[in-house]
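S.K.: For reference, the sequence and a predicted model appear below.
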Amino acid sequence: MRILFLFIIIIFAGLQGFAQTTISEEISGEVKQPTILQNLHVNQDPRLEKMLNWHIEKNFKKDGIDGYRVEIFFSSELDALAQSKSKKIAFLSMYPEYVVHIIYEAPNFRVRIGDYRTKNEALKLHKRIERNYPMAFIVPDKIKFPLLK
């Protein structure tokens, strides 16, 4: 039984050495496509390519991606802009590591914190600031693209 098991392991180990073949090779800075892809012709509806190009253009025009922020203030009073600026300054004095956005959505000025991809990430901030801002709540919003680290 041990000999059969050892024989099977040797066969699989030998086959693994031949399984590492590459499809494309880099020759003098150019990627050479394999012959199977050079002769490949895809028969598709031209509307599909038009729709794909439309989708790509639409994504380039977006200001951001769908995400979440924590809203700590909104008002439509006459001095709402001044109030929102003072709320922003007060928040940054307590939590300088966060990004604060003042957004005008007629007729309200809003103060929103952070750029979070998931609601769970925004909930962590909400839990941290809820003692100082008990009326804060999480809102879906367009956020800036996150920086890659």
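M.R.: Nice, thanks for sending it over.

S.K.: Show me the helices in the chain, by range?
M.R.: Assigned by DSSP state H, the chain shows helices spanning 2-18, 35-38, 46-61, 80-94, 119-129.

S.K.: Dump the ones you listed to CSV, plus mean pLDDT, mean neighbour count and distance to V111.
M.R.: (C-beta placed from N, C-alpha, C; glycine too.) As requested, the helices of the chain are exported to CSV (pLDDT from 0 to 100; neighbours: other Cβ atoms under 10 Å; distance: least, Cβ to Cβ, whole Å):
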stretch, mean pLDDT, mean neighbour count, distance to V111
helix 2-18, 71, 9, 59
helix 35-38, 66, 8, 53
helix 46-61, 83, 9, 27
helix 80-94, 96, 15, 5
helix 119-129, 95, 15, 12
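
S.K.: Looking at those, spot the one closest to G67.
M.R.: Proximity to G67 (Cβ to Cβ) singles out helix 119-129 among the helices of the chain, at 8.1 Å.

S.K.: circling back to that earlier point, as a markdown table, the helices of the chain with distance to I102 would be great.
M.R.: Listed next are those as a markdown table, based on distance: least, Cβ to Cβ, whole Å:
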| stretch | distance to I102 |
| --- | --- |
| helix 2-18 | 59 |
| helix 35-38 | 51 |
| helix 46-61 | 24 |
| helix 80-94 | 5 |
| helix 119-129 | 17 |
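
S.K.: who wins for proximity to R110 among those?
M.R.: Here helix 80-94 is closest among the helices of the chain (Cβ to Cβ), at 7.2 Å.

S.K.: For that closest one, list the C-alpha coordinates in CSV.
M.R.: In CSV, the C-alpha atoms belonging to helix 80-94 read as follows (Å, rounded to 0.1, in the frame of the first residue of the first chain):
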residue,chain,number,x,y,z
ALA,A,80,-26.9,77.4,7.6
LEU,A,81,-23.6,77.8,5.8
ALA,A,82,-22.0,79.5,8.8
GLN,A,83,-23.4,76.9,11.1
SER,A,84,-22.1,74.0,9.0
LYS,A,85,-18.6,75.6,8.9
SER,A,86,-18.6,76.0,12.6
LYS,A,87,-19.7,72.3,13.0
LYS,A,88,-16.9,71.3,10.7
ILE,A,89,-14.3,73.2,12.7
ALA,A,90,-15.7,71.8,16.0
PHE,A,91,-15.6,68.3,14.7
LEU,A,92,-12.0,68.6,13.3
SER,A,93,-10.8,70.0,16.6
MET,A,94,-12.0,66.8,18.4
